[in-house]
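Chemist: dropping the sequence and predicted coords here.
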Amino acid sequence: MNGKDIFLGLQFVGDDLVEEAEVFHFSARTRSNALAHEKKCGAFEEKTYAKSRRTLLVAIVCLLALLLAGCCVAYMLSLRQLTLGTETVPIPESSPISESSPEDSASETQLTVFSLQGIEGTPNYQASQEWLAFTQSYTRSGGDYWDSDPAYWAYSVQDQTMVDKLDEICTKYGLSVIGKPWHEQVDCNKFLPLLGIDSLLKPDTDAVLSIPAGRYFPGGSFTIYGTLNLGDAAEMFTYQCVKKDVFYDVFGYTNPDTVTERNYTTSDGVPLLFLESDQSGMILADREDCFLSLSFTLDGNVRLEEIAECFDFMIQPQAPEPAAADAREQASNTEISSAQDDPNRFRRATYAEYVADLLQGDERLRADMPEYTPPVKTYAFYDADGNGTDELLIFYGDYIGSIVGMKDGITDEGKSYHLLPYEDHVFIHWPGDEPNVPGEYWYHIFRFANNDDPVFSNPKERSIVRLKKDADGNWWRTSSTDHYAEFDTQITEDEAQAILNSYKPITLEPHPLSEFREP
């Protein structure tokens, strides 16, 4: 609801007053998200109205101000209100941006940076804008790792100059440092009650959360990494809550040309902003005492509206009691440490449990490194060794990264690979981006032995031939099928390509891990 909506709700106000009154204008950044709040009281155009007419208008404006103050300013957010500036970033070689324009030699792109703490004009927005400008112009000192005071561990500060500037900004805008966080590594549902939160979800939703990792701050701010299970969909997300009495150096980044923004109001009346691209989405809520942002990896099976209706955006996180928070963090650390001594800690009784561990592993990595972007993982079932039993293939991008079999009733993934499959159960291990040894790229063509060994690793590989391209561009092959044979025969590049091309690839149909089904 904006000022004009409230005017229209007062039936005794004439349309001419509504149109001529320039009431309120709401003007428009994991490491990872968006928005800000400015309220301007417009001047009214002077005309020759009767005194009683002007008096009525003044009274209505006063009533409008009271209504706005009493309804937590339920305005519609926009990306414009949150935009802080721009930042030039490198384009990864595997990025769709680089692949779409091969003729373009540009290795960088410009992104819009937006606030995840408040809208334009608020102290949080102004602090974010000043910190962004400072970090973009400041040359960080090099050298050894700099160990800051624990109160600044959550920030990207690398020397005392940055700490001093951070303190200056906080003082200038009446904000506090966010403080040293507590970490949860097992189940965030055990930490949320310390913030006065029963659940992140509405009580009547059918959705289920898996939230094994997160960070919690002294004032009640938090970041949680997890998966939302809704029907057949499983959507990975980052949920961030920043209280408005602190400054935190987190921002949102987007390319406006590829993002659609739209407003949505939940069934319980909370106004939201949606930012959506082909594979990701973001939900933003500017609440009275905190700013909420949820970032999702989307697979097209669920709409942001459905996701938004699952979450309770009316939560009011409180400052945790330090002793209780210390105790919960210690319990979490103890449970994780004890699991490290279990030789079967990564093995599960079902493939579904194994896949769930993969998804949770990504969530924990993002908790430790907010800038971490998980690789795109998919899966397929295929009889890799020809023994009549399908194994679980995990794809990392276009390549098979691991083959998971069952040994003694539990999963065993063997070694890591970079494979493509071919007819007659042939696999080729292609070199990755990094050389096997400095300057050398190796290719291994082999089959897996059809035996009772369910672990896909070196003993199960039956080599057909190995190829090598050395640092000088020369090609070599092995003359022996021994697993560790030397590259003893030099060949031409055409001969090497002829060997590689003599095997006919097969097409498997991988599915997102979030849609995993047992065979």
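Modeler: Ah, there it is.
Chemist: CA atoms for contacts and neighbours, from now on please.
Modeler: Will do.
Chemist: number of nearby residues for residue 208?
Modeler: 14 (other C-alpha atoms under 10 Å).
Chemist: give me the beta-bridge partners of it?
Modeler: Applying DSSP bridges to residue 208 gives these bridge partners: residue 229.
Chemist: quick one: it from residue 460, how far?
Modeler: Going from residue 208 to residue 460 by C-alpha to C-alpha, to the nearest Å gives 40 Å.
Chemist: how about residue 79?
Modeler: Using C-alpha to C-alpha, one gets 55 Å for the distance from residue 79 to residue 460.
Chemist: between those two, who's got more neighbours?
Modeler: Legend: neighbour count by other C-alpha under 10 Å for residue 79 and residue 460, higher for residue 79 (26 against 19).
Chemist: list the beta-bridge partners for the closest residue to residue 301 other than its chain neighbours.
Modeler: Nearest residue to residue 301, sequence neighbours excluded (C-alpha to C-alpha, 6 or more residues apart in numbering): residue 233, at 6.2 Å. Residue 233 forms beta bridges with residue 230, as assigned by DSSP bridges.
Chemist: how about the residue lying closest to residue 232 once chain neighbours are set aside, phi and psi?
Modeler: Spatial nearest neighbour of residue 232, excluding adjacent residues (C-alpha to C-alpha, 6+ apart): residue 515 at 6.7 Å. Here the main-chain torsion angles of residue 515 (degrees, to the nearest 10) amount to phi -110, psi 20.
Chemist: where does the prediction get shaky in the stretch 101-250 of the chain?
Modeler: 101-107, 141-146 (pLDDT under 70).
Chemist: quick one, strands of it?
Modeler: If you assign secondary structure with DSSP state E, counting those that start in this stretch, the strands in the stretch 101-250 of the chain sit at 108-115, 176-177, 182-184, 208-216, 222-230, 233-243, 246-247.
Chemist: what's the local residue count around residue 407?
Modeler: For residue 407, the neighbour count with other C-alpha under 10 Å is 15.
Chemist: sorry, back to before: quick one, which of the strands of the stretch 101-250 of the chain gets closest to residue 293.
Modeler: Proximity to residue 293 (C-alpha to C-alpha) singles out strand 233-243 among these, at 5.3 Å.
Chemist: of all the strands of the stretch 101-250 of the chain, which one is nearest residue 398?
Modeler: That would be, of these and by C-alpha to C-alpha, strand 233-243, which comes in at 20.5 Å.
Chemist: just the pLDDT at the residue nearest to residue 232, thanks.
Modeler: You'll see residue 515 listed with a pLDDT of 79.
Chemist: just checking, it touches residue 230?
Modeler: No. Contact criterion C-alpha atoms under 8 Å: residue 515 and residue 230 do not qualify, at 11.0 Å.
Chemist: which one of those two is surrounded by more residues?
Modeler: Higher neighbour count among residue 515 and residue 230: residue 230, with 18 against 14, using other C-alpha under 10 Å.
Chemist: and residue 225, how close does it get to residue 183?
Modeler: Using C-alpha to C-alpha, residue 225 is found at 12 Å from residue 183.
Chemist: overlap of the contact sets of these two?
Modeler: 213, 214 (C-alpha atoms under 8 Å, 6 or more residues apart in numbering).
Chemist: can you show me the strands along the stretch 301-450 of the chain?
Modeler: Using DSSP E, counting those that start in this stretch, strands in the stretch 301-450 of the chain cover 377-382, 391-396, 399-407, 410-412, 419-422, 426-429, 441-448.
Chemist: looking at those strands, which one has the lowest mean pLDDT?
Modeler: Note on the strands of the stretch 301-450 of the chain: lowest mean pLDDT is at strand 410-412, with a mean of 87.
Chemist: listing partners with orientation, what would you give for that one?
Modeler: Partners of strand 410-412 in its sheet, by DSSP bridges: strand 399-407 (antiparallel).
Chemist: what comes into contact with the strand it pairs with?
Modeler: 391-395, 411-420, 454-456.
Chemist: and stretch 241-257, by the same measure?
Modeler: Outside stretch 241-257, the residues within contact range by C-alpha under 8 Å, 6+ apart are 29-34, 110-118, 124, 127-128, 131, 155-156, 170, 174-178, 219-223, 289-293.
Chemist: put the alpha carbons of that stretch into PDB.
Modeler: What follows is stretch 241-257 as a C-alpha-only set of coordinates in PDB (Å, rounded to 0.1, in the frame of the first residue of the first chain):
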ATOM      1  CA  CYS A 241      18.400 -11.800   8.200                       C
ATOM      2  CA  VAL A 242      20.300  -8.500   9.000                       C
ATOM      3  CA  LYS A 243      18.900  -6.500  12.000                       C
ATOM      4  CA  LYS A 244      18.600  -2.800  11.300                       C
ATOM      5  CA  ASP A 245      20.800  -1.700  14.200                       C
ATOM      6  CA  VAL A 246      24.000  -3.200  12.700                       C
ATOM      7  CA  PHE A 247      26.000  -2.800   9.600                       C
ATOM      8  CA  TYR A 248      27.200  -6.000   7.700                       C
ATOM      9  CA  ASP A 249      29.300  -5.900   4.500                       C
ATOM     10  CA  VAL A 250      27.100  -8.200   2.400                       C
ATOM     11  CA  PHE A 251      25.700  -7.100  -0.900                       C
ATOM     12  CA  GLY A 252      23.600  -8.400  -3.700                       C
ATOM     13  CA  TYR A 253      24.900  -8.600  -7.300                       C
ATOM     14  CA  THR A 254      22.800  -8.800 -10.500                       C
ATOM     15  CA  ASN A 255      22.700  -8.200 -14.200                       C
ATOM     16  CA  PRO A 256      19.500  -6.100 -14.700                       C
ATOM     17  CA  ASP A 257      19.400  -7.300 -18.400                       C
END
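Chemist: please identify the buried residues of it?
Modeler: Using 16 or more other C-alpha atoms under 10 Å as the test for burial, stretch 241-257 gives 241-254.
Chemist: then stretch 511-519?
Modeler: 511, 512, 513, 514, 516.
Chemist: run a quick neighbour tally on the nearest residue in space to residue 487 that is not next to it in sequence.
Modeler: With sequence-adjacent residues excluded and distances taken as C-alpha to C-alpha, 6+ apart, residue 487 is closest to residue 478, at 4.5 Å. The number of residues packed near residue 478 is 21, by other C-alpha under 10 Å.
Chemist: sweet, I'm off.
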